[in-house]
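J.: sequence first, predicted model second:
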Amino acid sequence: MSHFIQTIFDMLSNLGYLGIALGLMVEVIPSEIVLAYGGYLISIGKISFMGAVVAGTIGGVIAQWFLYWIGKYGGRPFLDKFGKNILIRPSHIDVAQEWFSKYGSGVIFTARFIPVVRHAISIPAGIAKMPFTKFSIYTVLAIIPWSILFIYLGMNLGAKWDQINSAANPYVTPVIFIAIIITLMYLAFNRRRKKVKR
């Protein structure tokens, strides 16, 4: 691990719950790693499991609110110009917009578990001006289990929390598969409902 990242984690450790929330809000480091570090802090008795989940959920949701508002008030031109500053590439936005257009607002929940789409899906929701309350509910419902999974794994890894990617693979792969299946079921349900209305 780089000295820069370790320095950030040392700062987060001193801030406790606030550090976890801030680490997820700024998204300088992938959320999985921040949450795993939160699990490590639990393992050494510095914070509680429930507190870490709450902090992780709050930080994760605020980060997605930020992306939603950028999409809503800045639009695609702003993101094409400045997206790289928040680690969002045009290709990420393209994929997320395609998913949002194809599957509708329900994808805000399922896409949270799918790589690439996960980090950018809030942007097309903002561009499409999806109702903020609905967006927030779907986001919270997705972020809670995601936070629990990585905090739990980080807690079990303890001092080896930085090995989270390899430890999470057996769990994340089935989750991605299930998320894709749910997305396809949601799409089929929507199509059938539209046919009935016609």
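T.: Perfect, thanks for sending it.
J.: what segments of this structure are helices?
T.: 3-15, 17-26, 31-43, 49-69, 75-82, 90-103, 107-110, 117-120, 122-127, 132-157, 164-197 (DSSP state H).
J.: got the ones you listed as a markdown table, with mean neighbour count and mean pLDDT columns?
T.: (Each C-beta comes from the backbone N, C-alpha and C, glycine too.) Conversion of the helices of the chain to a markdown table gives the following (neighbours: other Cβ atoms under 10 Å; pLDDT from 0 to 100):
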| stretch | mean neighbour count | mean pLDDT |
| --- | --- | --- |
| helix 3-15 | 14 | 67 |
| helix 17-26 | 21 | 84 |
| helix 31-43 | 24 | 87 |
| helix 49-69 | 20 | 92 |
| helix 75-82 | 14 | 71 |
| helix 90-103 | 17 | 71 |
| helix 107-110 | 24 | 77 |
| helix 117-120 | 22 | 74 |
| helix 122-127 | 26 | 85 |
| helix 132-157 | 19 | 89 |
| helix 164-197 | 13 | 68 |
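J.: list the contacts of the nearest residue in space to M155 that is not next to it in sequence.
T.: If the residues on either side of it in the chain are set aside, M155 comes closest to G39, at 3.7 Å by Cβ to Cβ, 6 or more residues apart in numbering. Residues in contact with G39, defined by Cβ atoms under 8 Å, 6 or more residues apart in numbering, are 52, 150-157, 161.
J.: and which of those residues is nearest K81?
T.: F150 (32.2 Å; Cβ to Cβ).
J.: now for the closest one: which residues touch it?
T.: With contact taken as Cβ under 8 Å, 6+ apart, F150 is in contact with 31-32, 35-36, 39, 164, 168.
J.: chain neighbours aside, what residue packs nearest to it?
T.: If you skip the residues right next to it in sequence, F150 has L35 as its closest partner in space, 3.7 Å away by Cβ to Cβ, 6+ apart.
J.: correct me, but the one you found touches S147?
T.: Yes - using Cβ atoms under 8 Å, L35 makes contact with S147 at a distance of 5.7 Å.
J.: identify the contacts common to those two.
T.: If you check L35 and S147 against Cβ under 8 Å, 6+ apart, the residues they both contact are 52, 56.
J.: tell me the spacing between Y138 and L22.
T.: In this structure, Y138 and L22 are 23 Å apart, going by Cβ to Cβ, to the nearest Å.
J.: can you tell me how far the residue nearest to L67 when sequence neighbours are not counted sits from I47?
T.: By the measure of Cβ to Cβ, 6+ apart, the closest residue to L67 outside its immediate chain neighbours is S122, 3.9 Å from it. For S122, the distance to I47 (Cβ to Cβ) stands at 27 Å.
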